[in-house]
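**Q** My questions concern the predicted model and sequence given below.
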Amino acid sequence: MKSFKHIWGLAVAMLAATTLYSCSEDEPTYTPADPEGVKAHITFAGSESETFEVEPGTTGFSLTLQRPEDEAANAETVTLTVTGNQGNVFNCPATVDFAAGETTKSFNVTVSGAEEGVYYALNVVANGNQSDYTQGLRQKNVSFAVMKWESIGMGYWVDNIMCTPFSVDKLTLAVEVEKAVTSTSTRFRFTSPYESVNTDVVLIGGKEEYPAYVGYPYNGPDDICSTGNMFVIICDAKGNANLQDVEIGLDWGHGKVIAGMIKDGQSLGNVSDAKAKAGTYSAAKGTVSFPVLTMFMSMPSWNTVACTSAATLYLGDDAFLNAQVKEVDYVNDFQWNSVEGALGTFVSTAADDSWIQDVEAAVRVSDGGVEEGLYRFPDLFVEGYPIVFNMTLDNGAYMISTPKVQPTGIVALGGDMIYTEIKSGKCGEDMQMTLNMAFYTMDDKGNKKVDFGTMAEEFQWGVTGLSVNDLIGQNMANYVGIWKAPFINLKDGSAGNSYVRVTPSADYEGCLVIEGLSALDGYNDAVIAEWSNQTGLVTLGAQWAEDLSGYNMIFMGYNPFEGYYTTKSTMIGGLTKDGIFAFLNNPENEDPIQTMRYFAYQDGAVAGAFSSYVPYPMEWEYAQAAGAQGLKVSAEFSAEVNGVIKKVNRQLKSSIKGQAVAPRQLIGSNVEMVY
């Protein structure tokens, strides 16, 4: 089991910080002194800088001047001087008049010619007939922008407004969603879908059909009181989402139906203790969600009630379909199969560790079909705790997210389970996966208790990144068995799995016989690896193999990236802590190699390779114990012999007869190498 060393360190630091704070009973206070010789008179209300972000069609805004009550007895004219007018879009009055007794006075600034989505700056100074102004508040700096709404396509509003008063099922309503981004918020809006008696059935991907409201049983043409009403949702930088109060366009004789967010102290007919709280916007998941008791539905002459079910705005097809996975039973609805070629290295900031990690793909139990884009890391942090994730292809890269919050199997210092979710993730063409994973504990209601933050976890899909130091020497018997080995076709890049058999050598003490590394049908390709009783590691080097088709055969080191082969380099093998039987380049090699390959030798020179398939990487998963019976290999390979390609479904021999294998390496031999 991996331990969250980094998270535990954070927990200790948080505990220490709490202890230090509690030791200080009398906190010091600081009261700034009044500025000497400065007397406030005419000033702008509020802060020195102010931002106005307005809806299209808005033609201006107002600013307010103020003066102290003890100096408001007389009428006064204040002169306004515009010192900055970006784009010349602002029209500001030249003067503002205070009547006797007035302490505040507002004036309008009109705007014309402002482009949507562009911020314009206005700087205006107030000059009165007094000389004792406070310098900082005489000038107002305004940033002004007309919001730019842009369509982001079809979204889906899963309704909760009608559920509480009418006890109907949730309605999935297709809506055209628009988005606007301001300096402080992300906003979404859509025209009320309740303004029509009939709405189209929701079709996603041209085939998925979900319930839509097609003629309310309680709704007819006479119930529609208005059209064009906009649902507007404002999301702040922290992801808090609020729906502005909106008339949904219906009236059943009790006044226009209004929906919005519950306010503190609001009188609700069905709930007495509901408190104001925001919804949640998740850009990674493409959702804006409103949990139970966050929204109300009101008919003025009837009642105002809290919505006792949740509502969600899905910002597109993918977001909606991915959300349906939440309803899936991952154990019973899917069979999980290992993804060929995905075995790689997981580097964890949270656990402060790295390990070899497998990836599994989901296959539906119902029909045997592959569930596109749904994967999991089996036993990621703790055995028995897989982490399920989605991979969606977007502009040449895979975007990664989790369909739900999931337990890691690791417990915090207080004994609570630590949960995780992928807030955002990406995987490029190099299959280097970067995952921003949030870790936290939760209470019984699913609310966060201790937030350990979001940490960058990495996974190199298909690359284990092992070194010789990762190999653990074993008793020779622990290497014996049948191992699943990845093979790659160097001609077209296709990959598959075959099996290799490892047995003790009957002829050479302290040696292992390895069969199945040639991808050649009917060929006794047995080679010898030498086991060290001192280190427990295994050495695999160049050697003569059994003759084939009139050729002498040489088994020797190969570098598929550089394209060279050599008899002077060896590989060192052993088990990793995750049980992978790996052969790696010997650090002492002058010519580094990644695998071993069979070559034909004739007339004093290497004539060429007999198969385009190469056992790479030399990292094998345990399949079963070695037995006397032959093993059928599931993968099909093409064996190239004398230029003839033939399909093979090879079967390993059950025993080695008449071995023509010598355990001696070819180092120092007179074999001529042809590059």
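**A** The structure has been received and is ready for your questions.
**Q** Specify the beta-bridge partners of the residue nearest to T304 when sequence neighbours are not counted.
**A** Nearest non-adjacent residue to T304, counting by C-beta to C-beta, 6 or more residues apart in numbering: S298, 4.0 Å away. For every residue, glycine as well, the C-beta is placed using N, CA and C. Beta-bridge partners recorded for S298 (DSSP bridges): I258, T304.
**Q** Could you tell me the phi and psi values at N88?
**A** With angles defined as degrees, to the nearest 10, N88 sits at phi 50, psi 40.
**Q** and it, what does it touch?
**A** G113 (C-beta atoms under 8 Å, 6 or more residues apart in numbering).
**Q** Please, which helix or strand holds the spatially closest residue to G409 that is not a sequence neighbour?
**A** Nearest residue to G409 in three dimensions, chain neighbours excluded: V382, at 2.7 Å (C-beta to C-beta, 6+ apart). Following DSSP states H and E, there is no helix or strand that holds V382.
**Q** what's the answer for the one 3 residues further on, then?
**A** Element membership for Y385, per DSSP H and E: none, as it lies in no helix or strand.
**Q** For the closest residue in space to it that isn't next to it in sequence, the count of nearby residues, please.
**A** Excluding its sequence neighbours, the residue lying closest to Y385 (C-beta to C-beta, 6+ apart) is G409, at 3.5 Å. Other residues within reach of G409 by the criterion other C-beta atoms under 10 Å amount to 18.
**Q** what residues are up against G409?
**A** M1, F381, V382, E383, G384, Y385, M417.
**Q** So which of these wins on neighbours?
**A** F381 (24 neighbours).
**Q** okay, it: pLDDT?
**A** F381 carries a pLDDT value of 90.
**Q** again with E429
**A** pLDDT, read off for E429, is 78.
**Q** and the gap between the residue nearest to G409 and E178?
**A** 44 Å (C-beta to C-beta, to the nearest Å).
**Q** hang on, the earlier thing: the residue nearest to T304 reaches V257, doesn't it?
**A** Yes - if you go by C-beta atoms under 8 Å, S298 and V257 touch, sitting 7.2 Å apart.
**Q** Looking at these two now, which is surrounded by more residues?
**A** V257 (24 against 21).
**Q** residue contacts, that one?
**A** V257 touches I161, Y194, E247, I248, G249, L250, D251, M297, S298, M299, counting by C-beta under 8 Å, 6+ apart.
**Q** List the ones among these that fall in strands.
**A** The strands, defined by DSSP state E, take in E247, I248, G249, L250, D251, M297, S298, M299 from the contacts of V257.
**Q** Surely the third one and M230 touch.
**A** The one in question is G249. No - using C-beta under 8 Å, G249 makes no contact with M230, being 10.4 Å away.
**Q** okay, and the common contacts of the two?
**A** Any residue near both G249 and M230 by C-beta under 8 Å, 6+ apart counts here, and that gives S192.
**Q** between these two, who's got more neighbours?
**A** Neighbour count, other C-beta under 10 Å: between G249 and M230, G249 has more, with 20 against 14.
**Q** Contacts only, for the closest residue to that one other than its chain neighbours.
**A** Excluding its sequence neighbours, the residue lying closest to G249 (C-beta to C-beta, 6+ apart) is E195, at 3.8 Å. Listed by C-beta under 8 Å, 6+ apart, the contact set of E195 reads I224, S226, T227, G228, N229, I248, G249, L250.
**Q** And for the residue nearest to D333 when sequence neighbours are not counted, the neighbour number?
**A** Leaving aside its sequence neighbours, D333 sits nearest to V365 (C-beta to C-beta, 6+ apart; 5.9 Å). The tally of other residues near V365 (other C-beta under 10 Å) stands at 12.
**Q** quick one: V365 from E340, how far?
**A** Computed with C-beta to C-beta, the distance linking V365 and E340 is 21 Å.
**Q** So which elements touch the helix or strand containing D97?
**A** Assigned by DSSP H and E, D97 falls within strand 95-98. Packing partners of strand 95-98 (3 or more C-beta pairs under 8 Å, 6 or more residues apart in numbering; DSSP states H and E): strand 76-85, strand 104-111.
**Q** Low-confidence stretches in this structure?
**A** 1-40, 128-137, 163-170, 196-221, 322-328, 625-675 (pLDDT under 70).
**Q** What are the structural domain limits within it?
**A** As given by automatic domain parsing, the domain ranges for the chain are 43-146, 150-322, 333-460, 468-648.
**Q** circling back: whichever strand or helix holds the residue nearest to Y385 pairs with which strands, parallel or anti?
**A** Assessed by DSSP H and E, G409 sits inside strand 406-411. Next to strand 406-411 in the sheet, as set by DSSP bridges, lie strand 417-427 (antiparallel).
**Q** tell me, which strand in the chain spans the most residues?
**A** Longest strand in the chain, counting by DSSP E: strand 448-460.
**Q** Helix or strand next in line after it, which one?
**A** strand 481-489.
**Q** packing partners for that following strand?
**A** Secondary-structure packing of strand 481-489 (3+ C-beta pairs under 8 Å, 6+ apart): strand 495-504, strand 613-614, strand 619-624, strand 637-641.
**Q** Over to Y523: give its phi and psi.
**A** Y523 adopts backbone torsions of phi -100, psi 130, taken as degrees, to the nearest 10.
**Q** For it, which non-adjacent residue is closest in space?
**A** Using C-beta to C-beta, 6+ apart and skipping the chain neighbours, the partner closest in space to Y523 is L548 (5.6 Å).
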